[in-house]
Every structure is written in structure tokens, then in C-alpha cells.
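A.B. asks: Got a predicted structure plus its sequence, pasted below:
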Amino acid sequence: MRIDDTVCQGVKRVYCFSSLDSRGGFTKLFNDADYKKAGISAEIKETYYSVSNKNVIRGLHFQLPPYEHAKIVHVVKGRVTDVLLDLRKSSNTYGKVFHFSLSEDEPTALYIPVGFAHGFQTLEDNTLMLYQVTSIYEKKSDTGILYSSIDYDWGTKNPIVSERDMSFGKFEDFDSPF
């Protein structure tokens with residue numbers, strides 16, 4: 001497993017151990033020692049996954065303090081464009097958007113630290129996204145930013161977006177606690 005810094009402080013791309021043979025494949029997504037060596041202390045509290053059809057946009061999600069969390073995301077099946085919005089007021093990349101390609105063809109994951117809104121757009125039907133988070137879900141803290149209010153071209157005219165995600169406020173109106 002190799003973990004590299006990416007384009008903004010704290011976000012890391014994780015190159016997972018992967019092996020293919022006549023039986024199929026095996027991928028190791030998390031190794032505590034490797035994460036600690038890369039400066040990441042990630043005590044996983046919940047793991048969940050979503051299955052989405054092509055052109056679904058999920059997000060941009062996060063939890064407010066004191067229930068904030070870091071995330072590790074990985075595509076098990078399919079392909080996505082993963083999108084992050086830096087909500088950390090003290091960061092030199094505050095308000096900037098970062099995007100990454102994740103797919104089943106490349107055994108990588110993203111480590112997303114506290115203070116980022118996270119979302120993704122699926123590029124294939126039946127895309128399975130796995131999430132590991134460092135806090136327990138807390139409904140009153142769970143929120144997001146309206147996906148269309150950020151400086152990013154999602155590249156689709158008719159995305160499939162949940163009612164909940166459409167109800168989020170615009171980034172320009174958000175007073176970040178991070």
C-alpha cells in the first residue's frame with residue numbers, strides 16, 4: 001500500500017494492495033500501520049456503501065462539529081468522478097473544488113480529512129461506492145452544500161439528484177464552522 005499527498009493539504013490518494021489471479025481479485029483497502037506512516041490517524045467508526053445508476057450525483061455531504069468526520073472512499077464496481085469542496089476557513093484552498101477519477105479498474109481510494117464536503121457523479125450504471133468514516137452518523141449534524149452552487153462543471157445536463165441533496169443551501173450562503 002502506498003499513500004501520496006494529492007493537490008491539497010490533507011487529502012491523500014491511497015494506492016491499495018491488489019492481486020489478480022485465475023480465481024479473481026483481492027484488494028486491501030485499509031492498513032492502520034500504513035495510514036499512520038502517512039500521518040493519518042483514522043479510527044473507522046462506520047462503513048457503508050451506495051449503489052447508483054449512471055449520471056447520479058450524490059452530495060456534497062459532510063457532518064457538522066462535534067460529529068464531523070474524515071472519510072475513506074473507494075469504488076468497488078463502476079466509475080465515478082469524486083468531487084471535494086474545501087470548507088476549512090484557514091486553508092489556502094478554502095472554497096476550491098478538487099476532483100478525482102476513481103474506478104474499479106484502479107485499486108485506489110481517497111482519504112478525505114475533516115473540513116471537506118464530499119460528493120461524486122457516477123459514470124456507469126450499478127456503480128458501488130464504499131465509504132469508511134471516523135464518526136457515527138448523527139442526523140442533526142448531517143448536512144451538505146448544493147452540488148450546483150460550486151465552481152465545477154459536472155458535465156451532465158440531466159443529473160439524477162435526490163430531493164434531500166437538492167434541498168441543501170448554496171456554498172455562497174454557508175458559514176463554515178471548519
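C.D. replies: Alright, I've got the coordinates.
A.B. asks: Tell me which residues of stretch 168-178 come out buried.
C.D. replies: 168, 171, 174, 176, 178 (16 or more other CB atoms under 10 Å). For glycine as for every other residue, the C-beta is placed from the backbone atoms N, C-alpha and C.
A.B. asks: Export these as JSON lines, with columns for pLDDT.
C.D. replies: Formatted as JSON lines, the buried residues of stretch 168-178 follow (pLDDT from 0 to 100):
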{"residue": "Phe168", "pLDDT": "98"}
{"residue": "Phe171", "pLDDT": "98"}
{"residue": "Phe174", "pLDDT": "98"}
{"residue": "Ser176", "pLDDT": "98"}
{"residue": "Phe178", "pLDDT": "97"}
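A.B. asks: Val133: which of these is nearest?
C.D. replies: Phe178 (15.7 Å; CB to CB).
A.B. asks: Cys16 and Thr122, how far apart?
C.D. replies: 20 Å (CB to CB, to the nearest Å).
A.B. asks: More neighbours: which of those two?
C.D. replies: Here Cys16 and Thr122 are compared on neighbour count by other CB atoms under 10 Å; more neighbours surround Thr122, at 25 against 18.
A.B. asks: Local confidence estimate at that one?
C.D. replies: Predicted confidence (pLDDT) for Thr122: 98.
A.B. asks: cool, the one 4 residues further on as well?
C.D. replies: In this prediction, Asn126 carries a pLDDT score of 98.
A.B. asks: what separates it from Ser22, distance-wise?
C.D. replies: In terms of CB to CB, Asn126 sits 25 Å off from Ser22.
A.B. asks: and the residue nearest the centre of the chain, how far is that from Arg79?
C.D. replies: Residue closest to the average C-alpha location in the chain (CA atoms, centre = their mean): His118, at 4.7 Å. To Arg79, His118 is 17 Å away according to CB to CB.
A.B. asks: Okay, helices next: where are they in the protein?
C.D. replies: Ranges of helices in the chain, per DSSP state H, are 32-37, 163-166.
A.B. asks: in the protein, what residue sits furthest out from the centroid?
C.D. replies: The chain, CA atoms, centre = their mean, max distance from centroid: Ser22 (31.6 Å).
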